[in-house]
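Peer 1: coords please:
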Amino acid sequence: MQFLSRWDGQRLSTTTRGIPLVDGLAAEDVGSQRWSPSRGDLALPALTLDEAAFAANRDLFLKWCASAGVSVAPHAKTPMSPELARSLRAAGAWGTTVANIQQAAVLLASGERRLLLANEIGGLAAGRRLGALLGAYPDVEFHAFADSPAAVAALAEAARIAGRRELSVLIELGAGRAGARDRAAIEATIAAVLAADRLVLGGVATYEGAAATPDADETMRAIAVLMERTIETFALVRGAAPQRPLIMSAGGSAYFDIVARALAPSAQADGNAGVILRSGALFFADHGIYALAFAEVDRRGGLRIDGTRHSAVEGFRPALTLWAEVLSRPEAGLAIAGFGMRDASFDQGLPVPLRVFRDGIEQPGLAAALAVTRLNDQHAFLSVAPDSALAVGDVIAFGISHPCTCLDRWRVILGLDADGVVTRALPTQFG
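Peer 2: Reported below is the predicted structural model:
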């Protein structure tokens, strides 16, 4: 089945945020326009991807994974960009992670052939939907989570509908979110897989981020317990499937180092297992929660690559920038910028002013005295120093916090080169 992007044969126009042309142009011709957001060439607000930063983050993390003895299936839910998913796999990622059947459909249609569905799918109706999807892609390597006999039954229905000889099931244990909570639930789930036609045990899975609390020490204790439970569950699965290659999967973007240290030795000792991380947001980094997470990684010893310590804070570079124009200076100490909750993440921190441009020329010092205080749907409220020279029409580059809940607001991300010029349009497919 040949993938056809929804942008193939279509023109991008002002109906897509960021694109300034009423008549539009073919997506593949965006780079030839040489647009610069700092000059106000785009229809602001716009979201851009620093191509060099993304590539550097990718290369750094994949190099660390190789040194740590783990692999990664980057979570596609962060950008839902088939093009970026392909680029990560081409650079050495093990495969791709998705969160639900719709995301699986997007990535399968784009040509991906090794997926982790890192979630339970629901009941029998969902099983029939997944089965119809998998039936169209008989060559895909597919692994799905189950934390109960009911979840196993849904996957068995999917395998039956798809006509698959076998479908791999990862036993999920958890804390705070989905996942079997005790040994009895784990054993019941394993038994259900063994009793089902067309299903095979593929390994174990968990998500340590769901064990996090506001207290850092308590979080470390909770994750340590979860890792111990993961290793114990792996032993149960190995006992039930003594010959199969198995997966141990965990690892969001905040505690990947802890996961690798905990699980990689068990996988290596087994000799027929591998650790698959599912990190996604760290390829984009940010100026908020992941900047803080990388500082914590450094406090835990940093990134060890072939015996050498590297700083996560210095190594991972924020790749996303939100660009907006100053619309109003209605009173002293206040500026209104042209973006809002429809454009930026705000669930784990407000955007951060980074640079200010006027007619494409940076205005030194202006951004340091600005702060976003709140958002409306389409407006950002900025506190401004009383003597600030910030003016209507100035373009502000903002850093964001939490890439996942920023990217899903955009149909198109615009790539930027080292000179701040648009290189390409990257469509997202969140549905």
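Peer 1: so I223 sits right up against E208, yeah?
Peer 2: Yes - with contacts counted by CB atoms under 8 Å, I223 reaches E208, the gap being 4.7 Å. Any C-beta I mention is one placed from the backbone N, CA and C, and that applies to glycine too.
Peer 1: what sits in contact with each of these two?
Peer 2: Taking CB atoms under 8 Å, 6 or more residues apart in numbering as the criterion, I223 and E208 both touch 255, 258.
Peer 1: With neighbour numbers in mind, choose between the two.
Peer 2: Neighbour count, other CB atoms under 10 Å: between I223 and E208, E208 has more, with 25 against 22.
Peer 1: Could you double-check that that one lies in contact with M227?
Peer 2: Yes - E208 lies in contact with M227 (CB under 8 Å); the separation is 7.2 Å.
Peer 1: Determine the residues that are contacts of both of these two.
Peer 2: 250, 258-259.
Peer 1: List just the nearest of those residues to T405.
Peer 2: A250 (21.8 Å; CB to CB).
Peer 1: which residues touch the closest one?
Peer 2: Per CB under 8 Å, 6+ apart, neighbours of A250: 205-208, 227, 230, 259, 263, 275, 277-278.
Peer 1: one more time with 10 Å, if that's ok
Peer 2: Counting by CB atoms under 10 Å, 6 or more residues apart in numbering, A250 makes contact with 70, 118, 204-209, 223, 226-227, 230, 256, 258-260, 262-263, 275-278.
Peer 1: For this structure, which helix extends over the most residues?
Peer 2: helix 216-240 (DSSP state H).
Peer 1: what about the next helix or strand after that helix, average pLDDT?
Peer 2: Per DSSP states H and E, helix 216-240 leads on to strand 246-250 as the next helix or strand towards the C-terminus. Averaging pLDDT along strand 246-250 yields 98.
Peer 1: Check the offset of strand 246-250 from the chain's centre.
Peer 2: 18 Å (CA atoms, centre = their mean, to the nearest Å).
Peer 1: which phi and psi does W64 have?
Peer 2: According to degrees, to the nearest 10, the main-chain angles of W64 amount to phi -60, psi -40.
Peer 1: neighbours of it, just the number please.
Peer 2: So W64, with other CB under 10 Å, has 22 neighbours.
Peer 1: show me what contacts it?
Peer 2: So W64 contacts 70, 72, 256-257, 260, 302-306, 310, 312, 315 (CB under 10 Å, 6+ apart).
Peer 1: next one: A150
Peer 2: Counted by CB under 10 Å, 6+ apart, A150 has contacts 120, 122-124, 189, 192.
Peer 1: What strand or helix carries it?
Peer 2: A150 belongs to helix 149-162, assigned by DSSP H and E.
Peer 1: Spell out the residue ranges of the helices in the stretch 251-400 of the chain.
Peer 2: For the stretch 251-400 of the chain, the helices defined by DSSP state H, counting those that start in this stretch occupy 256-270, 289-299, 312-315.
Peer 1: Mean pLDDT added to the ones you listed, as JSON lines?
Peer 2: Output for these, formatted as JSON lines (pLDDT from 0 to 100):
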{"stretch": "helix 256-270", "mean pLDDT": "98"}
{"stretch": "helix 289-299", "mean pLDDT": "97"}
{"stretch": "helix 312-315", "mean pLDDT": "98"}
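Peer 1: Figure out which of those is closest to V326.
Peer 2: helix 289-299 (25.3 Å).
Peer 1: which other helices and strands contact the closest one?
Peer 2: helix 216-240, helix 256-270, helix 312-315 (3 or more CB pairs under 10 Å, 6 or more residues apart in numbering; DSSP states H and E).
Peer 1: Count the neighbours of A368 for me.
Peer 2: So A368, with other CB under 10 Å, has 12 neighbours.
Peer 1: cool, and the one 5 residues further on?
Peer 2: Each residue near T373 was counted by other CB under 10 Å, and the total is 11.
Peer 1: And the one 5 residues further on, by the same measure?
Peer 2: By the other CB under 10 Å criterion, the neighbourhood of Q378 contains 14 residues.
Peer 1: Now do the same for it: its pLDDT.
Peer 2: 97.
Peer 1: ok, now H75?
Peer 2: 97.
Peer 1: so how far is A188 from A118?
Peer 2: 21 Å (CB to CB, to the nearest Å).
Peer 1: of the two, who's got more company?
Peer 2: A118 (25 against 15).
Peer 1: from what I can see the more buried one touches P74, true?
Peer 2: No - checked against CB atoms under 10 Å, the pair A118 and P74 is beyond contact range at 11.3 Å.
Peer 1: Overlap of the contact sets of those two?
Peer 2: Both A118 and P74 are contacted by 97, 278, under the criterion CB under 10 Å, 6+ apart.
Peer 1: For stretch 413-430, list the C-alpha coordinates in PDB.
Peer 2: The C-alpha trace of stretch 413-430 is given here as PDB (Å, rounded to 0.1, in the frame of the first residue of the first chain):
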ATOM      1  CA  ILE A 413       5.000  23.000  11.600                       C
ATOM      2  CA  LEU A 414       7.500  25.100   9.600                       C
ATOM      3  CA  GLY A 415      11.100  24.000   9.600                       C
ATOM      4  CA  LEU A 416      13.800  26.700  10.100                       C
ATOM      5  CA  ASP A 417      17.400  26.600   9.100                       C
ATOM      6  CA  ALA A 418      20.400  28.100  11.000                       C
ATOM      7  CA  ASP A 419      19.600  31.600   9.500                       C
ATOM      8  CA  GLY A 420      16.000  31.500  10.700                       C
ATOM      9  CA  VAL A 421      14.600  30.900   7.200                       C
ATOM     10  CA  VAL A 422      11.700  28.500   6.500                       C
ATOM     11  CA  THR A 423      13.000  25.300   4.900                       C
ATOM     12  CA  ARG A 424       9.800  23.200   4.600                       C
ATOM     13  CA  ALA A 425       6.300  22.500   5.800                       C
ATOM     14  CA  LEU A 426       5.800  19.500   8.100                       C
ATOM     15  CA  PRO A 427       2.100  18.500   8.300                       C
ATOM     16  CA  THR A 428       0.800  17.000  11.500                       C
ATOM     17  CA  GLN A 429      -2.000  14.400  11.500                       C
ATOM     18  CA  PHE A 430      -3.700  14.500  14.900                       C
END
